[in-house]
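[1] Here is a sequence together with a model predicted from it:
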Amino acid sequence: MLTRSLWAPALLCALLAACGGAKTDAPAPEPEMTDDAKAATAAIAAVDGDRIIAADEEPGVWLSHGRTYSEQRFSPLTDVTTENVDELGLTWAYKLDHDRAAQATPIVVDGVMYVTGPFSVVSALDPVTGEELWKYDPKVALSKARDGCCGVGNRGVAVWKGKVYVGVYDGRLAALDAKTGKVDWEVNTIIDENRSYTITGAPRVVKDMVIIGNGGAELGVRGYITAYDTETGDQKWRFFTVPGNPEDPPESKAMEMALPTWTGNWWEFGGGGTVWDAMAYDPELDLFYIGVGNGSTWNRNVRSEEGGDNLFVSSIVALKPDTGEYVWHYQTTPGDNWDYTATQHMVLAELEIGGKQRKVLMQAPKNGFFYVLDRETGELLSAEKFAPANWASHVDMETGRPVETEEGDWSKEGKLVSPGPLGAHNWMPMSFNPQTGLVYIPMQEAVAYLAPAPDQKFRGKGTWHLGSQPLALPENPEELAGAVAAHRGHLIAWDPVAQKEVWRQSHVTLWNGGTLSTAGNLVFQGTADGRFVAYSADKGEKLWESPANTGVLAGPITYEIDGEQYVTVAAGWGGAFPLALGGLSEPAKVQPDARILTYKIGGTATLPAPKPGLIALPEPPEVTGDEAQIAAGRELYNGHCGMCHGPNAIGSSVVPDLRYMTAETHDMFAGILAGALAEKGMPPMMDILTPDDVDAIHQFIIKRANDLNDQVKAAKEAEAEAG
């Protein structure tokens, strides 16, 4: 039996049998633990590659981001099943420092849980009680939030041989002592301080190298991924995903290959291709897989004027982990024009396809197609739509390329495109259950109106570069209701061999959480409207739910200590949809109350009452601007403010809804944009705005506050008339 402080290899076989983790189809023998790992059984974070490879021999721990290198997010534990899951109860909750998006997958090993919160704060916790053992705060400047597209979340840490590794939002990579949380070493991963690089993803560790990518494509950066020595922080290799200035020599043969697929002056916009999330590793093939993000700008006619596939944006790339050398790639969206990243979760598995056992890589990226690739060669085995998508009719199996449609071509005129930039599947991890053979995907139906704005140039750090008109929505309430109805979320069970949906559970809105599947025939997922839910893995029947008081986005985990199984999830509302569009849907207006929640059979803990919603609407000032000024303010607001405060000033609960500004806030509006609240997280904006711009934005916000005030009064009058 596993204890809270000791990993006991001698008992692993018995534990595996008791938990139902052993397969009956003669799996390949797992390697024995290294002598170093055996000698460190009582140590903290005593993880190495052999231990991760042999993860199924100790199913009670969660050693790496996806539990195993294959990133299946499947647990062999069986103490919690369809028969008793309704007895789950909260056993402890740990409050995070910042009430923003909680996105982390915790690591639980050697009696300690390691988890991150917003702004990359790391906590080490007792996984049985939730007691804090230590905390590391990297002290990220709150105003740094402007340098990221989608909030200040962090998806977790990696542990290796007594160290904890975290990618910090401002671009640092830190190695911490697993016992104390003290910094052992720290490096700056950013190649250009004049560009808006961030880190929100979890690092991976392979062969004594900690590997991390960056974010920032929307704001104009060049993508790359870097490996560092786990002991010293020295750089081992770096793989660029898109070419730089063609006047400079290419950094690798891969960049020589990619260069002819680009045209124009793409490097002025950075090119994009950031590796901000998905990675996986096959130790048998010794291949490391990365998912590459969208182009910068989104509009390929601005980014690459004369066309081209723009390698390696929106691609899955296989690398040699020792050197970072290119092996193969598959581009899911050649010449990406829609922000269709391929950074979504990748899963490695063995499937029988056409009567033959294949080693596959599976991905359900933003573009709406589910891909199954041969992970040794990159050969496309199948691709089918798992969500509504009008940008392409199908994937041509001879060429491996999507067949684009006129409906999705917004190069000359605006089009309503599906999926929109939020994607048919975003960063929330999917899971694969080898017992059911199904993949559980947090699927989204999301559309967007995209219209070209080709006359663009790089405008500097902290500004968005989309090559499209600012994302906006109708102000009319009836028209707005139609836009809201076009955004839906579902949990779907997908058969990757038959390439078809098996079952689904629909949610009240999109932006629901990642999934965990278990040998107890269960699938766990959090929801945007503040619940944590369990379903049967084979049939999709809802069996249990518990209130979380906030939106739940992260991928859950499960572990076992002293014979008791626990289920943990990070809960906290935020990210791209809540910031940009979260105010549109009433069920999505949950409060960002960030915690780590842990459940067990018979748990009796309770959460505090949910945080209250919006305050009463203050009486807004009178509008003094004319129609021209308000129209200019609307465009400026949607271009510079709407990504955080919501389109047309329809805000969510994550950051202030500006329609609710008090008289005092209106009085200091210009000062706020000049930096008066920078220490509280509102970045200064006067480097890109003029005083006239500020006045126009202010008048537009005042107009929208009056619009809301009129709607509230009309609703109250209607209620009074109806009794």
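    Received, thanks. Numbering: from 1, shown residues only.

[2] Where does pLDDT dip in this structure?
    1-42, 454, 472-473, 477-481, 582-589, 614 (pLDDT under 70).

[3] residue closest to the middle of it?
    For the chain, the residue nearest the mean C-alpha position is residue 427 (3.1 Å; CA atoms, centre = their mean).

[4] how about it, phi and psi?
    In terms of degrees, to the nearest 10, the main-chain angles of residue 427 are phi -70, psi -20.

[5] Break this structure down into its domains, please.
    Using automatic domain parsing, the domain parsing of the chain gives 1-185+506-608, 189-426+448-485, 627-722.

[6] Among these, which comes closest to residue 618?
    domain 627-722 (5.3 Å; CB to CB). Every residue, glycine included, has its C-beta placed from N, CA and C.

[7] hang on, the earlier thing: confirm for me that the residue nearest to the centre of the chain is in contact with residue 156.
    No: look at residue 427 against residue 156 with CB atoms under 8 Å: they stay out of range, at 11.8 Å.

[8] so what's in contact with the two at the same time?
    Common contact partners of residue 427 and residue 156 (CB atoms under 8 Å, 6 or more residues apart in numbering): residue 103.

[9] possible to save the domains of the chain as a markdown table with distance to residue 436 and mean neighbour count?
    Listed next are the domains of the chain as a markdown table, based on distance: least, CB to CB, whole Å; neighbours: other CB atoms under 10 Å:
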| stretch | distance to residue 436 | mean neighbour count |
| --- | --- | --- |
| domain 1-185+506-608 | 5 | 21 |
| domain 189-426+448-485 | 12 | 20 |
| domain 627-722 | 35 | 17 |
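
[10] Nearest to residue 435 among those domains would be which one?
    domain 1-185+506-608 (6.3 Å).

[11] For residue 296, give me its contacts.
    Residue 296 neighbours (CB under 8 Å, 6+ apart): 217-221, 269-273, 303, 465.

[12] Show the backbone phi and psi for residue 269.
    According to degrees, to the nearest 10, residue 269 has phi -100, psi 10.

[13] which residues of the stretch 501-650 of the chain fall in strands?
    Remark: strands assigned in the stretch 501-650 of the chain by DSSP state E, counting those that start in this stretch are 515-518, 522-526, 531-536, 542-547, 557-561, 564-571, 595-601.

[14] Tell me the strands beside the longest one, with direction?
    Taking DSSP bridges as the criterion, strand 564-571 sits next to strand 557-561 (antiparallel), strand 595-601 (antiparallel) in its sheet.

[15] Can you show me the CA trace of that strand as PDB?
    Output in PDB follows, covering the C-alpha atoms of strand 564-571 (Å, rounded to 0.1, in the frame of the first residue of the first chain):
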ATOM      1  CA  GLU A 564      -8.000   5.900   0.000                       C
ATOM      2  CA  GLN A 565      -8.700   7.400  -3.500                       C
ATOM      3  CA  TYR A 566      -8.900  11.100  -3.900                       C
ATOM      4  CA  VAL A 567     -10.100  13.300  -6.900                       C
ATOM      5  CA  THR A 568      -8.700  16.800  -7.200                       C
ATOM      6  CA  VAL A 569      -9.500  19.700  -9.600                       C
ATOM      7  CA  ALA A 570      -8.400  23.300  -9.800                       C
ATOM      8  CA  ALA A 571     -11.400  25.600  -9.900                       C
END
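
[16] Quick one: distance of that strand to the chain centre.
    From the chain centre to the centre of strand 564-571 is a distance of 19 Å (CA atoms, centre = their mean, to the nearest Å).

[17] which ones are touching the closest residue to residue 125 other than its chain neighbours?
    Spatial nearest neighbour of residue 125, chain neighbours left out: residue 113 (4.4 Å); criterion: CB to CB, 6 or more residues apart in numbering. Contact partners of residue 113, counting by CB under 8 Å, 6+ apart, are 106-107, 124-127, 568, 596.

[18] Residue 113 looks like it's in a strand, true?
    Yes: assessed by DSSP: H, G, I helix; E, B strand; the rest coil, residue 113 belongs to a strand.

[19] which strand residues sit across from it in the sheet?
    The partner residues for residue 113, given DSSP bridges, come to residue 108, residue 125.

[20] Let the chain start at 17 from now.
    Sure, I'll start numbering at 17, so the last one becomes residue 129.

[21] gap between it and residue 60?
    In this view, residue 129 and residue 60 are 12 Å apart by CB to CB, to the nearest Å.

[22] again, but for residue 223
    Applying CB to CB to residue 223 and residue 60 gives a distance of 21 Å.

[23] repeat for residue 395
    42 Å.

[24] Likewise for residue 552?
    For residue 552, the distance to residue 60 - CB to CB - is 37 Å.

[25] now swap in residue 94 and tell me
    28 Å.

[26] Next: residue 562.
    31 Å.

[27] With residue 668 instead?
    39 Å.

[28] Tell me which of the strands of the stretch 517-666 of the chain sits nearest to residue 713.
    Using CB to CB, the nearest of the strands of the stretch 517-666 of the chain to residue 713 is strand 580-587, at 33.6 Å.

[29] quick one: the closest one to strand 547-552, angle?
    Relative orientation of strand 580-587 and strand 547-552, computed by axes from the mean of the first three to the mean of the last three CA atoms, to 10 degrees: 130 degrees.

[30] Tell me what angle strand 580-587 forms with strand 558-563.
    Using the same axes, to 10 degrees: strand 580-587 against strand 558-563 is 60 degrees.

[31] picking that back up, same list (the strands paired with strand 580-587) but as TSV, adding distance to residue 153.
    Conversion of those to TSV gives the following (distance: least, CB to CB, whole Å):
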stretch	distance to residue 153
strand 573-577	23
strand 611-617	16
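
[32] right, and those - which one's nearest residue 211?
    It is, among the strands paired with strand 580-587 and with distance given as CB to CB, strand 611-617, at 33.0 Å.

[33] List of residues touching the closest one?
    95-96, 100, 103-112, 118, 122, 129, 131, 139, 141, 143, 146, 548, 562, 564-566, 580-588, 623.

[34] Now residue 705: closest residue in space, sequence neighbours ignored.
    Using CB to CB, 6+ apart, the closest residue to residue 705 is residue 689 (6.4 Å).

[35] is it true that the one you found touches residue 700?
    Yes: using CB under 8 Å, residue 689 makes contact with residue 700 at a distance of 6.8 Å.

[36] With just CA atoms, put stretch 190-210 into PDB.
    What follows is stretch 190-210, C-alpha atoms only, in PDB (Å, rounded to 0.1, in the frame of the first residue of the first chain):
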ATOM      1  CA  ALA A 190      12.400  28.500 -12.400                       C
ATOM      2  CA  ALA A 191      13.700  25.400 -10.700                       C
ATOM      3  CA  LEU A 192      12.600  25.100  -7.100                       C
ATOM      4  CA  ASP A 193      13.800  22.800  -4.300                       C
ATOM      5  CA  ALA A 194      10.900  20.300  -3.800                       C
ATOM      6  CA  LYS A 195      11.300  20.300   0.000                       C
ATOM      7  CA  THR A 196      11.500  24.000   0.600                       C
ATOM      8  CA  GLY A 197      10.300  25.900  -2.500                       C
ATOM      9  CA  LYS A 198      13.400  27.900  -2.600                       C
ATOM     10  CA  VAL A 199      14.800  28.800  -6.100                       C
ATOM     11  CA  ASP A 200      17.600  26.600  -7.200                       C
ATOM     12  CA  TRP A 201      18.100  28.300 -10.600                       C
ATOM     13  CA  GLU A 202      16.200  30.600 -12.900                       C
ATOM     14  CA  VAL A 203      16.500  31.500 -16.600                       C
ATOM     15  CA  ASN A 204      14.900  34.000 -18.900                       C
ATOM     16  CA  THR A 205      13.400  32.200 -21.800                       C
ATOM     17  CA  ILE A 206      12.500  35.300 -23.800                       C
ATOM     18  CA  ILE A 207      14.500  36.000 -27.000                       C
ATOM     19  CA  ASP A 208      13.200  39.600 -27.500                       C
ATOM     20  CA  GLU A 209      12.200  41.800 -24.600                       C
ATOM     21  CA  ASN A 210      10.500  44.200 -27.100                       C
END
